[in-house]
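[1] here are the coordinates; sequence isn't available:
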Ligand SMILES: [Zn+2]
């Protein structure tokens, strides 16, 4: 089932995702929902928390590969860094050039419990760092300079997403 993708400032996006302990039908359903939601949003990848489930699961559809990683962990980050324009399905409409390590080694398990370890490069390395960040409650906006962040807030809140008004002070 296609789910709505959670948008900032929903506080669930700041939660730390829990490890997945059971490979059951509920997990299968969540995986299907993630795949449908990501495909509808034309995303490269999605973390489970983005459809409201803070568990360590990500879906990718990137660089000709499609699949899931259960309980992914970053084992190594490269020394060399690269700046790339990045977006997030939970922060719609914003793209920033963000510097991150250019390649990364990740360990994860599959639904059948097999364990894998692989080094990733390019857009895939970027995607995995972004999704694994989601599992720690870290968002792209955390990498912005103060100036960039101020600019973001102005546009974001200027786009009609204003916080609720203060307690009504009418005294009639
Ligand atoms: Zn994201």
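    Received it, and whenever you're ready, just let me know what you need. Worth saying up front: this structure is predicted, and the values here are computed from it rather than measured.
[2] and residue 61, which of the three is it?
    Reduced to three states with DSSP: H, G, I helix; E, B strand; the rest coil, the structure at residue 61 is strand.
[3] likewise for residue 32?
    Judged by three-state DSSP, the three-state class of residue 32 is helix.
[4] parallel or antiparallel, list what pairs with the strand ranked longest in the chain.
    Secondary structure of the chain per DSSP state E: the longest strand is strand 65-77. Here strand 65-77 has these sheet partners by DSSP bridges: strand 57-62 (antiparallel), strand 103-109 (antiparallel).
[5] the following helix or strand past that strand versus strand 103-109: what angle between them?
    Note on strand 65-77: by DSSP states H and E, the next helix or strand toward the C-terminus is strand 81-87. Counting by axes from the mean of the first three to the mean of the last three CA atoms, to 10 degrees, strand 81-87 lies at 60 degrees to strand 103-109.
[6] quick one: buried residues of strand 81-87?
    Within strand 81-87, the residues scored as buried using 16 or more other CB atoms under 10 Å are 86-87. For glycine as for every other residue, the C-beta is placed from the backbone atoms N, C-alpha and C.
[7] packing partners of the helix or strand just after that strand?
    Using DSSP H and E, the next helix or strand after strand 81-87 towards the C-terminus is strand 95-101. Applying 3 or more CB pairs under 8 Å, 6 or more residues apart in numbering; DSSP states H and E, one finds that strand 95-101 contacts strand 81-87, helix 122-135.
[8] residue 60: which of those is closest?
    Closest to residue 60 of these is helix 122-135 (CB to CB; 6.1 Å).
[9] who touches that closest one?
    By CB atoms under 8 Å, 6 or more residues apart in numbering, the surrounding residues in contact with helix 122-135 are 13, 16-17, 44-47, 49-50, 54, 56, 58, 60, 62-63, 65, 69, 72-74, 77, 84, 86, 88, 90, 100-104, 106, 120, 139-140.
[10] what's the answer for stretch 40-59, then?
    By CB under 8 Å, 6+ apart, stretch 40-59 touches 2-6, 12-13, 15-20, 27, 30-31, 33-35, 37-38, 60-62, 67-72, 89-90, 123, 127-128, 130-132, 134-135.
[11] show the buried residues in those residues.
    For these, buried by 16+ other CB under 10 Å: 3, 5-6, 13, 17, 20, 27, 30-31, 33-35, 37-38, 60-62, 68-72, 89-90, 127-128, 130-132, 134-135.
[12] on the three-state scheme, residue 4 is what?
    With three-state DSSP as the basis, the three-state label of residue 4 is coil.
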